[in-house]
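In: predicted model and sequence below, questions to follow.
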Amino acid sequence: MNPSDQDHAKSDVTTPLSTSSDLLNLGSQSRLIELFPMAAYAVRAPDGVIAWFNSRAVELWGRVPALDDRDDRFCGAYRLYRADGTSMAHCATPVALALETGASVHEQEVVIEKPDGSRVTVSVHIDPIRDEHGAIVGVVNFFHDISEQKEAERATGLLAAIVDSSDDAIVSKSLDGIIMSWNRSAERLFGYTAEEAVGQHIKLIVPRDRQHEEATILERLGRGERVEHFETVRVRKDGRTLDISLTISPVKNAAGRVIGVSKVARNITERKRTEKALKESELAASLLRLQEDDRRRIARELHDGVGQLIASISMNASRLERERSKLSPEAARSAEENSCLIQQITEDIRTMSYLFHPPLLDEMGLHSALKWYVEGFAERSKIAASLELSADFGRLPKDHELCLFRIVQECLTNIHRHSESSTALVRLWRTPEELRMEVSDEGRGIHPEIQSKFASGESAGVGLRGMQERVKQIGGTLGIHSNGKGASVLVTLPLTEETASSGEGEATTLQNELAQSPQDSSNPALR
């Protein structure tokens with residue numbers, strides 16, 4: 001017997017009986033078909049009418065077909081569909097094709113629709129029944145319900161698709177640390193392909209100084225715990241380290257025993273970088289606040305402490321002046337010189353006090369404070385400094401006004417020290433959306449190296465960094481421009497209705513406080 005004959009003999013159901021009636025009419029042996037472990041039925045050749053079926057077939061069909069009825073041919077199901085969901089006529093079923101061609105059909109999926117509309121997916125095992133002469137006398141079909149299996153396959157496929165398309169790296173490993181699965185995001189995150197990673201130990205991506213973490217994690221998982229949002233460091237194929245957040249869960253079998261580990265890794269490198277930058281920004285803000293507090297304290301001590309002592313000395317000097325006629329010419333001349341020196345010291349201390357923290361800024365606003373400062377700077381430095389600012393500029397929130405005032409101080413100081421310019425200009429203007437200020441000169445400009453460092457975010461000097469931090473704290477931007485002749489610093493601060501109204505409200509409150517309190521004649525801002 002050749003191989004094809006052997007296959008033919010294995011596939012067909014052959015019997016020594018001589019007639020199709022004897023082959024398909026079970027008679028008193030019909031109870032035997034109930035012993036079959038799966039649904040089964042047979043049809044006659046050539047018309048395909050049903051010869052017999054068992055109760056398991058009835059359960060899957062959802063109906064009881066009539067035996068030897070030409071209306072129930074090839075199958076007892078109400079309706080049939082292929083695995084892809086397309087309708088299947090009874091005359092096109094695998095049973096009908098087996099009758100026509102004599103070919104067996106094994107493990108083909110067919111969807112049965114019951115009269116109540118419910119559906120079940122079955123796998124069929126169909127073989128022709130032949131007599132001793134090889135003629136087809138019928139077909140037998142053994143079939144079983146695979147709906148749960150198909151549902152599990154669909155769920156598994158869906159889960160696999162979700163895992164594969166997830167933005168997070170999802171990795172599973174055995175309890176001894178061998179990588180079992182590795183999705184596309186894991187490939188992108190760690191740089192290893194699935195082929196390179198699967199089968200390797202998880203230490204492939206664990207830095208040497210973090211190797212101990214795996215044992216600790218496995219110990220917790222062994223107790224049935226789930227490790228959530230565990231922040232750590234892992235290493236890529238190219239050697240770069242990553243800050244990641246791990247959620248780790250035990251994988252259990254049907255008996256509830258832990259057989260593996262599933263890890264979801266999320267890249268938090270950028271978040272960590274942002275948090276670090278935010279902490280540095282908060283530190284800078286704290287330092288600026290401390291600096292302003294110190295300036296206020298020094299200004300107050302100069303005014304209230306040293307200023308009062310100088311005032312006492314001045315009163316004594318005035319008493320000597322009134323009694324000059326009783327003094328020798330030398331003593332009278334010394335008394336007169338002391339009075340002049342005391343007056344000069346008083347002026348200097350008052351100026352220093354206001355430079356540390358000008359009361360004009362709080363009491364009268366940015367316009368008055370800048371006008372006083374720029375005029376004083378021009379007088380002291382002999383640089384023709386001017387201010388362009390409309391009288392109706394209005395008030396701003398305290399932090400905006402203080403920021404701009406300090407930047408003007410820093411810019412004019414730099415112009416005096418470094419620019420060799422004979423002029424300086426401070427201009428301010430505002431729109432409903434933003435406020436802009438430019439401080440410019442006509443000196444020798446800013447060195448290109450400093451401009452390049454500033455543009456790239458590198459340190460370009462304490463003064464520039466301090467100005468930039470002040471502007472950054474209130475959401476603004478600072479730029480420097482120089483073409484070799486002259487330089488300008490441009491500040492842009494955002495303005496909203498809320499900040500504008502806040503500034504006006506603060507101004508009104510201060511004006512009310514000033515109106516209700518006696519004026520201090522020693523304060524030049526109020527004289």
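Out: Received the coordinates, thanks.

In: look at the residue lying closest to Gly191 once chain neighbours are set aside and give its secondary structure.
Out: In this structure, Gly191 finds its nearest non-sequential neighbour in Lys237, 3.3 Å apart by CB to CB, 6 or more residues apart in numbering. Yep, even glycine has a C-beta here, placed from its N, CA and C like the rest. Counting by DSSP: H, G, I helix; E, B strand; the rest coil, the backbone at Lys237 sits in coil.

In: now the end-to-end length of stretch 361-370.
Out: One end of stretch 361-370 sits 8 Å from the other (CA to CA, to the nearest Å).

In: in it, what's buried?
Out: By neighbour count on 16 or more other CB atoms under 10 Å, the buried set for stretch 361-370 is 361-367, 369-370.

In: what about the helices in the stretch 151-300 of the chain?
Out: Taking DSSP state H, counting those that start in this stretch as the test, the helices found in the stretch 151-300 of the chain are 184-190, 194-197, 212-222, 269-300.

In: any idea which of the ones you listed scores lowest on pLDDT?
Out: When these are ranked by mean pLDDT, helix 269-300 comes last with a mean of 71.

In: and the next element down the chain from that helix?
Out: Sequence order places helix 307-322 as the next helix or strand after helix 269-300, per DSSP states H and E.

In: buried ones in that following helix, by neighbour count?
Out: By 16+ other CB under 10 Å, the buried positions in helix 307-322 come out as 307, 310, 313-314, 317, 320.

In: what's the distance between the residue nearest to Val122 when sequence neighbours are not counted and Leu99?
Out: Closest residue to Val122 apart from its sequence neighbours, by CB to CB, 6+ apart: Phe143 at 4.5 Å. Remark: distance between Phe143 and Leu99 (CB to CB, to the nearest Å) = 16 Å.

In: next, give phi and psi for the residue of the chain positioned farthest from its centre.
Out: No residue in the chain sits farther from the centre than Lys326, which is 84.7 Å out by CA atoms, centre = their mean. Lys326 has phi and psi values of phi -90, psi -10 when expressed as degrees, to the nearest 10.

In: distance of Ile259 from Met88?
Out: To Met88, Ile259 is 41 Å away according to CB to CB.

In: find me the pLDDT at the residue farthest from the centre of the chain, would you?
Out: Predicted confidence (pLDDT) for Lys326: 76.

In: how near is it to Leu320?
Out: To Leu320, Lys326 is 9 Å away according to CB to CB.

In: before we move on, what about Pro329?
Out: 14 Å.

In: same question for Gly394.
Out: As judged by CB to CB, Gly394 and Leu320 stand 49 Å apart.

In: who has more neighbours out of Ile259 and Met88?
Out: Shown here are Ile259 and Met88; by other CB atoms under 10 Å, Met88 has more neighbours (18 against 11).

In: which strands and helices sit next to the helix or strand where Phe454 lies?
Out: According to DSSP H and E, Phe454 maps onto helix 448-456. Judged by 3 or more CB pairs under 8 Å, 6 or more residues apart in numbering; DSSP states H and E, helix 448-456 is in contact with strand 477-482.

In: which residues does the strand it packs on contact?
Out: 407, 445-446, 451, 454, 464, 467-468, 471-472, 487-492 (CB atoms under 8 Å, 6 or more residues apart in numbering).

In: let's see 7 Å
Out: 445-446, 451, 454, 467-468, 471, 487-492 (CB atoms under 7 Å, 6 or more residues apart in numbering).

In: now, of those residues, which are buried?
Out: Here, 16+ other CB under 10 Å leaves 445-446, 451, 454, 467-468, 471, 487-489, 491-492 buried among those.

In: can I get the residues you listed in TSV with secondary structure?
Out: Output for these, formatted as TSV (three-state DSSP):
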residue	secondary structure
Gly445	coil
Ile446	coil
Gln451	helix
Phe454	helix
Met467	helix
Gln468	helix
Val471	helix
Ala487	strand
Ser488	strand
Val489	strand
Val491	strand
Thr492	strand
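
In: out of these, who's nearest Val95?
Out: Using CB to CB, Thr492 comes nearest to Val95 of these, at 81.6 Å.

In: show me what contacts the nearest residue to Glu433 once chain neighbours are set aside?
Out: Among residues not flanking Glu433 along the chain, Leu495 sits closest, at 6.0 Å (CB to CB, 6+ apart). Taking CB under 7 Å, 6+ apart as the criterion, Leu495 is in contact with 430, 432-435.

In: need the pLDDT of Gln516.
Out: Note on Gln516: pLDDT of 46.

In: which residue sits closest to the residue most central in space within the chain, ignoring its sequence neighbours?
Out: In the chain, the C-alpha nearest the mean C-alpha coordinate belongs to Arg271, at 6.9 Å (CA atoms, centre = their mean). Using CB to CB, 6+ apart and skipping the chain neighbours, the partner closest in space to Arg271 is Asp243 (7.6 Å).

In: go on, Leu320?
Out: Residue nearest to Leu320 in three dimensions, not counting chain neighbours: Ala335, with 4.3 Å by CB to CB, 6+ apart.

In: go on, Gly138?
Out: Spatial nearest neighbour of Gly138, chain neighbours left out: Ile129 (4.3 Å); criterion: CB to CB, 6+ apart.

In: which of the helices or strands spans the one you found?
Out: strand 119-130.

In: now that strand: buried residues?
Out: 120-130.

In: closest to Arg210 among those residues?
Out: For these, the residue nearest Arg210 by CB to CB is Thr121; the value is 48.1 Å.

In: now Val140. Its backbone dihedrals?
Out: With angles defined as degrees, to the nearest 10, Val140 sits at phi -110, psi 140.

In: and it, how far from His90?
Out: Applying CB to CB, the value for Val140 to His90 is 17 Å.

In: please apply the same query to Arg470.
Out: 85 Å.

In: if you count surrounding residues, which of those two has more?
Out: Between Arg470 and His90, counted using other CB under 10 Å, the more crowded position is Arg470 (22 against 17).

In: excluding its backbone neighbours, what's nearest that one?
Out: Take Arg470 and drop its neighbours on the chain: the residue closest to it by CB to CB, 6+ apart is Cys403, 4.7 Å away.
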